[in-house]
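> any chance you can model this:
(chains A and B)
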Amino acid sequence: MALSTQYADEDSQNVLIAKLDNAKNVSNILKAIHFKESATVFASSMGLKVTVEDSKCVQANAFIQEGIFHEYAVQEDQVTFKINLTVLLECLTIFGSTSAPGVTTNLKMCYGGYGCPLQLVLEEDGVLTECSIKTLEPDEILDFNFCSENVINKIIMKSECLKEAFSELDMSSDILQFLMSPDPPYFRLSTFGDAGSTHSDFPKDSDMIESFSCTQTQTNRYKVSLLKPSVKALGLSTRVSIRTDNRGFLSIQYMIKNEDGQICFVEYYCAPDEDVSDPYS
Amino acid sequence: MEGVSQEANEIYLELSPENLLKALKTAQNAKWIKIKLTKKHAPCLTVEVDLPTMTSHTRTVTHDIPVVVVPRRQWADFEEPELPQFDATIAMPQMKLLRNIVDKMKSLSNYMVLSANNSGEMKLMVETEMASVSTFFRDLPNPVRRERVPSSQSSDLDDNDPNRFSEARIDIRKFAQFLSGQQVNPSKVICIISTSIMTNMDNDHIPVYSTKSIIQKIRNRRHTKDKTGIKANKQKPRPHEKKRTPDMGVKPGAQEEKASPACMQHPPLQYGRMSHPVTSVSET
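Numbers count the residues shown, from 1 in each chain, chains lettered A, B, ... in the order given. As a prediction, this is how the structure comes out:
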């Protein structure tokens, strides 16, 4: 695979061009959904959406809107490709994860269209790195069909206390149970592990909870192994929105502020664990 | 401390670096340490460490590290080899930056191509089925070449084009090991690409004697003498493969084994294996 060092006539040849001054604004968000090796990238005029799925039960989406880039152009309506996320992240962080304060890595991404590799050019302090990563045929992406009309319970809260709860999760438990209700205990996370069960309660009038609208008592269980990767996104976020719908599907949206103060979103969808038949606790 | 004789005012010792490391670890907070060559039941490098204590008593910890005294007739084996004919010599970029980049490249592939030219440009490249990643450095100083050993294999054409790249295909993991081993950040590291590649470290703050002490010689087809035992012990073997475009190719894997390491910042110590390492601790 010969790598050309010339920068071809960009506008006509590339279906996608995106440039930004600080590659971390992309790599940090992508790290939050990096729980599988491959990801599907959707580029539209609104920006990039990168999707990772596991077991057809959990899906994570990272949104990097076009405003994050200082230059962004998409020639077609929608550009889609699958790519090895591990390799992409290694390339985006090629100059190391930490750098001297004030030094950022410039990034330019180009994609020529179907069958072309994704080309990255990264520059830091006069050193240039060019990467050419093969793209793959995109897979069918699951549609979790999660719409606002079907949302039964919704909570918006600060990430801090949820981070604590998630970091203390009993990993010997297979499932994580979410109880959301208009009545006490309002919001409870539970695990059932080898040593016993643990419950974390969040009262609705707590300072941590910014918005609470639960219409029905719902208890849903989700596999811990599927939700564990979301802890990365939680760690980066400042606010979190937790919603469940009438089927018991969970949607968690994370608001992440990047180094330049811009806001990006990551969302996780998770299907309930079907081994449990009893919907009420 | 005296050497063997007036003319040969040196003593060559072979020891296991692990033993020395363990001994020195206890000396982290030492007031002083003394290193002596002694003869206990076998020749030993005795390291005495004076450690601070809460009371007024002194506490001395003694380590006896067995060593093998290298006989004079073998001293020639440890001579710094001549700088060979080279194709390109260039000062390397910042170690820290290199380390970061090479660490990332390490996860992509086992081999990388390192190339340099005489115009101050260096390129690191990794290529796999999935991706191809190249890093370019510019404006690196090309040190002034010293007297070149004539070799039939070099062509004078190389001299004329400073932009021509010479490349070497190397094992990334070994290169990364080498880079991570640079605990004392050298002010200048010179990389030489040649058919018998070497890397020569120049640290301006260390006395002249030890600046030349890092040489790794790859046993290539031309070296028929097998200095067993000593040379075979590798701390950081670095199999470098040389690929000169396009006619002289060295096959990958040809020089995988046996590089003789020499360590840095100290008079050359060769690594050896001792059968019964003994460390004794005594308190006074």
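> hey, let's count contacts and neighbours off CA atoms from now on
Will do.
> up against chain B, what does the stretch 51-200 of chain A have?
A:87, A:90-91, A:93-96, A:126-134 (CA under 8 Å from any CA of the partner chain).
> what about 7 Å?
Proximity of the stretch 51-200 of chain A to chain B (CA under 7 Å from any CA of the partner chain) is limited to residues A:90, A:94, A:95, A:96, A:127, A:128, A:129, A:130, A:131, A:132, A:133, A:134.
> among these, which two are most distant?
Within those, two members stand farthest from each other by CA to CA: A:127 and A:134, at 23.2 Å.
> pLDDT below threshold where in chain A?
Applying pLDDT under 70 to chain A flags the ranges A:1-12, A:99-100, A:275-281.
> near residue B:94, how many other residues are there?
Neighbour count of residue B:94, defined by other CA atoms under 10 Å in any protein chain shown: 13.
> list phi and psi for it.
Dihedral pair for residue B:94: phi -50, psi 130, per degrees, to the nearest 10.
> give me the pLDDT value at it.
Note for residue B:94: predicted pLDDT of 79.
> what does residue B:91 give?
79.
> likewise residue B:189?
With respect to pLDDT, residue B:189 has a value of 71.
> go on, residue B:273?
Reading off the model, residue B:273 has pLDDT 22.
> hmm, residue A:191 is touching residue A:171, no?
No. Residue A:191 is beyond contact range of residue A:171, at 8.5 Å (criterion: CA atoms under 7 Å).
> more crowded one of the two?
Neighbour count, other CA under 10 Å: between residue A:191 and residue A:171, residue A:191 has more, with 22 against 16.
> for my notes, confirm that one occurs in a helix.
No. Counting by DSSP: H, G, I helix; E, B strand; the rest coil, residue A:191 falls outside a helix, being strand.
> helices or strands up against the host helix or strand of residue A:72?
Assigned by DSSP states H and E, residue A:72 falls within strand A:71-74. Secondary-structure packing of strand A:71-74 (3 or more CA pairs under 7 Å, 6 or more residues apart in numbering or on different chains; DSSP states H and E): strand A:16-20.
> what's downstream of the strand it packs on, the next helix or strand?
Going down the chain from strand A:16-20, the next helix or strand is helix A:24-31, by DSSP H and E.
> mind checking how far that next one is from the chain centre?
Chain-centre distance of helix A:24-31: 10 Å, with CA atoms, centre = their mean, to the nearest Å.
> got it, and stretch A:139-147?
15 Å.
> got the end-to-end distance for that stretch?
For stretch A:139-147, the first-to-last residue distance is 23 Å (CA to CA, to the nearest Å).
> buried residues in it?
Applying a neighbour-count criterion of 16 or more other CA atoms under 10 Å in any protein chain shown, one finds A:144, A:146 buried in stretch A:139-147.
> over to stretch A:154-167?
Residues of stretch A:154-167 classed as buried under the neighbour-count rule (16+ other CA under 10 Å) are A:154, A:155, A:156, A:157, A:158, A:159, A:162, A:163, A:165, A:166.
> what mean pLDDT does the one helix or strand residue B:64 maps to get?
Using DSSP H and E, residue B:64 sits within strand B:59-66. Mean pLDDT, strand B:59-66: 90.
> where in chain B is pLDDT low?
B:1-6, B:81-88, B:144-160, B:183-187, B:192-284.
> all helices of it, in order?
Counting by DSSP state H, chain B has helices at residues B:17-25, B:95-106, B:157-160, B:172-180, B:208-211.
> in a helix, residue A:163, correct?
Yes. Residue state for residue A:163 (three-state DSSP) corresponds to a helix.
> surely it touches residue A:235?
Yes. At 6.5 Å, residue A:163 and residue A:235 qualify as touching, with contact defined as CA under 7 Å.
> and the helices of chain B: which comes nearest chain A?
Closest approach to chain A among the helices of chain B is made by helix B:95-106 (4.9 Å; CA to the nearest CA).
> leaving out sequence neighbours, find the closest residue to residue A:93.
Nearest non-adjacent residue to residue A:93, counting by CA to CA, 6 or more residues apart in numbering or on different chains: residue A:27, 7.1 Å away.
> give me the number of residues near the one you found?
Residue A:27 has 17 neighbours, counted by other CA under 10 Å.
> for residue A:36, same thing?
13.
> which ones are touching it?
residue A:52 (CA atoms under 7 Å, 6 or more residues apart in numbering or on different chains).
> look up how far residue A:71 lies from it.
Residue A:36 is 29 Å from residue A:71, by CA to CA.
> what's the answer for residue A:37, then?
28 Å.
> quick check: phi and psi at residue A:131.
According to degrees, to the nearest 10, residue A:131 has phi -130, psi 140.
> quick check: residue A:242 vs chain B, distance?
36 Å (CA to the nearest CA, to the nearest Å).
> what's the angle between the one helix or strand that residue maps to and helix A:24-31?
Taking DSSP H and E as the criterion, residue A:242 maps to strand A:237-245. Put simply, strand A:237-245 runs at 40 degrees to helix A:24-31, going by axes from the mean of the first three to the mean of the last three CA atoms, to 10 degrees.
> mind listing what's buried along strand A:237-245?
In strand A:237-245, counting by 16+ other CA under 10 Å, buried: A:237, A:238, A:239, A:240, A:241, A:242, A:243, A:244, A:245.
> quick one on the thing from earlier: dump the helices of chain B to CSV, plus distance to residue A:185 and mean neighbour count.
Putting those into CSV (distance: least, CA to CA, whole Å; neighbours: other CA atoms under 10 Å in any protein chain shown) gives the following:
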stretch, distance to residue A:185, mean neighbour count
helix B:17-25, 56, 16
helix B:95-106, 47, 20
helix B:157-160, 79, 12
helix B:172-180, 53, 18
helix B:208-211, 70, 14
